[in-house]
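Colleague: below are the sequence and a predicted model for it; my questions follow.
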Amino acid sequence: FTPNLGVILSNMSVALSRIGREAESVSTMEEAICMGRAALNGGPGTVDLAQLIRGYSESLARMGRHEEAVAAATEAVDIMTKQVYANPSPDNSAELSADVLVLAISFSKMGLHEEALVKGQSMVEMCRALHRENPNSSIYKADLSRGLSNLYSFYKALERKDEAADAISESLELKRKLGS
């Protein structure tokens, strides 16, 4: 897997998506993922492959292909879970939390609100841990805020209003601290 070719294909996929050519975007992403799967076995490009698959999942969701989006997001979570165990680091944990959030959103779009909530809670807990370990990092603070904002939506879908209000209040508090 040539990382530069993977990056080029990924960038091309994003560009195609931005101009409304989602089917071509997905096809380009599939090519990059196939190349990545064939060449990698937990090597240094594993995180890149998980990121590609996460982007692929998001593209599938935009096309309304939600079951495929869940499958892709699940694969990205599996890849990054193994990577976190093999090479624990804040960056790998942050990538895993992003993958878990995409999976939660995919579940939500399929109407699987309980599953979305469980994954959303998991993502928020990962972000809380990263924020505790790195309290001055605006990146981890922003990730936690984004996770809480999504958690609000998951609670709201289940009509759990008090928990939804708590999640969005905490998200807003973090946003204010970030100055955005």
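Modeller: Everything's here; your move. Since we're looking at a predicted model, the values are computed, not measured. Numbering: from 1, shown residues only.

Colleague: in which helix or strand would I find the spatially most distant residue from the centre of the chain?
Modeller: Farthest-out residue of the chain from its mean C-alpha position, per CA atoms, centre = their mean: residue 162, at 25.7 Å. Using DSSP states H and E, residue 162 falls within helix 161-178.

Colleague: please save the CA atoms from the helix or strand bottoming out on mean pLDDT in the chain in CSV.
Modeller: Among the helices and strands of the chain, helix 3-18 carries the lowest confidence by mean pLDDT, DSSP states H and E, at a mean of 81. Extracted in CSV, the C-alpha atoms of helix 3-18 (Å, rounded to 0.1, in the frame of the first residue of the first chain):
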residue,chain,number,x,y,z
PRO,A,3,0.5,5.8,1.4
ASN,A,4,0.9,8.6,-1.1
LEU,A,5,-1.4,6.8,-3.6
GLY,A,6,-3.9,6.2,-0.7
VAL,A,7,-3.8,9.9,0.2
ILE,A,8,-4.3,10.9,-3.4
LEU,A,9,-7.3,8.5,-3.8
SER,A,10,-8.7,9.7,-0.5
ASN,A,11,-8.4,13.3,-1.5
MET,A,12,-9.9,12.6,-4.8
SER,A,13,-12.8,10.9,-3.1
VAL,A,14,-13.4,13.9,-0.9
ALA,A,15,-13.3,16.2,-3.9
LEU,A,16,-15.8,14.1,-5.8
SER,A,17,-18.1,14.0,-2.8
ARG,A,18,-17.9,17.8,-2.4
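
Colleague: which element follows that helix toward the C-terminus?
Modeller: helix 22-39.

Colleague: for the following helix or strand past that next one, name the packing helices and strands.
Modeller: Using DSSP H and E, the helix or strand that follows helix 22-39 towards the C-terminus is helix 46-62. Applying 3 or more CB pairs under 8 Å, 6 or more residues apart in numbering; DSSP states H and E, we find helix 46-62 packed against helix 3-18, helix 22-39, helix 66-86, helix 90-109. The C-beta positions use only the backbone N, C-alpha and C, and glycine is treated the same way.

Colleague: for helix 46-62, list every residue counted as buried.
Modeller: Within helix 46-62, the residues that qualify as buried by neighbour count (16 or more other CB atoms under 10 Å) are 46-61.

Colleague: next one: stretch 93-112
Modeller: Taking 16+ other CB under 10 Å as the basis for neighbour counts, the residues of stretch 93-112 that come out buried are 93-108, 112.

Colleague: same question for stretch 127-139.
Modeller: For stretch 127-139, by 16+ other CB under 10 Å, it's 127-128, 130-131.
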